[in-house]
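Asks: I would like the atomic coordinates for the input below:
(one chain, ligands or ions: 1)
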Amino acid sequence: MKPRMTAPGSAADSVWWSRALCLHPAADPTWWEHDGPGHPDGKKAVTWCRACPAKAACLADAERFERPQKSGERTGIRGGLGVRERAALYRRKDEADKAAAAAQDSGAAA
Ligand code: SF4
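Replies: Predicted coordinates:
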């Protein structure tokens with residue numbers, strides 16, 4: 001399994017995927033199959049992600065794909081974050097979106 005979210009060959013894919021460190025010949029794609037840095041190989045993946053020039057785009061791509069999913073459907077390491085870390089990130093963003101919508105609703109009602 002490779003840590004990709006967008007369809008290979010898509011325009012969005014080609015912009016950042018060519019810079020992905022996980023495609024480096026010295027990187028073993030199986031490192032990214034672990035759900036977090038708790039496993040030694042997952043820790044290697046996170047270390048590589050930290051140095052990856054495509055990290056922000058990779059994480060944004062993962063978010064686009066994963067945020068609507070149930071947490072049990074997410075696997076692997078993306079953008080330097082494990083499954084639990086991404087779930088926490090998406091929860092925080094969902095809560096911020098709800099708070100912003102509630103603030104907008106209460107402002108509109110005033
Ligand atoms: S941040 Fe990690 S998973 Fe994402 S492209 Fe870079 S090395 Fe691959």
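Asks: interface residues of this protein facing the ligand?
Replies: Those residues of the chain that sit near the ligand, judged by C-beta under 6 Å from any ligand atom, are 3, 20-22, 32, 48-49, 52, 54-55, 58, 78-80. For glycine as for every other residue, the C-beta is placed from the backbone atoms N, C-alpha and C.
Asks: mind checking which of these are buried?
Replies: Among these, those buried by neighbour count (16 or more other C-beta atoms under 10 Å) are 3, 20-22, 32, 48-49, 52, 54-55, 58, 78-80.
Asks: so of these, which ones are in helices?
Replies: Trp48, Cys49, Lys55, Cys58 (DSSP state H).
Asks: can you redo these as a markdown table with pLDDT?
Replies: As requested, those are exported to a markdown table (pLDDT from 0 to 100):
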| residue | pLDDT |
| --- | --- |
| Trp48 | 97 |
| Cys49 | 97 |
| Lys55 | 96 |
| Cys58 | 95 |
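Asks: so where's the longest helix in this protein?
Replies: Longest helix in the chain, counting by DSSP H: helix 83-109.
Asks: show me what counts as buried in that helix.
Replies: Val83, Glu85, Arg86, Ala87, Leu89, Tyr90.
Asks: I'd guessed the fourth one sits against Arg74; true?
Replies: Same thing as Ala87. Yes. Using C-beta atoms under 8 Å, Ala87 and Arg74 qualify as a contacting pair, with a distance of 7.0 Å.
Asks: returning to that earlier point: just the buried residues of helix 83-109 now: which is nearest Arg67?
Replies: Tyr90 (4.9 Å; C-beta to C-beta).
Asks: sorry, back to before: give me the lowest-pLDDT entry from the residues of the chain next to the ligand.
Replies: Of all those, Pro3 has the smallest pLDDT value, namely 51.
Asks: sorry, back to before: turn the buried residues of helix 83-109 into CSV, including pLDDT.
Replies: Output for those, formatted as CSV (pLDDT from 0 to 100):
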residue, pLDDT
Val83, 95
Glu85, 96
Arg86, 96
Ala87, 95
Leu89, 96
Tyr90, 95
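Asks: need the residues you listed in a markdown table with distance to Ala62, can you?
Replies: Output for these, formatted as a markdown table (distance: C-beta to C-beta, whole Å):
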| residue | distance to Ala62 |
| --- | --- |
| Val83 | 10 |
| Glu85 | 11 |
| Arg86 | 7 |
| Ala87 | 11 |
| Leu89 | 10 |
| Tyr90 | 10 |
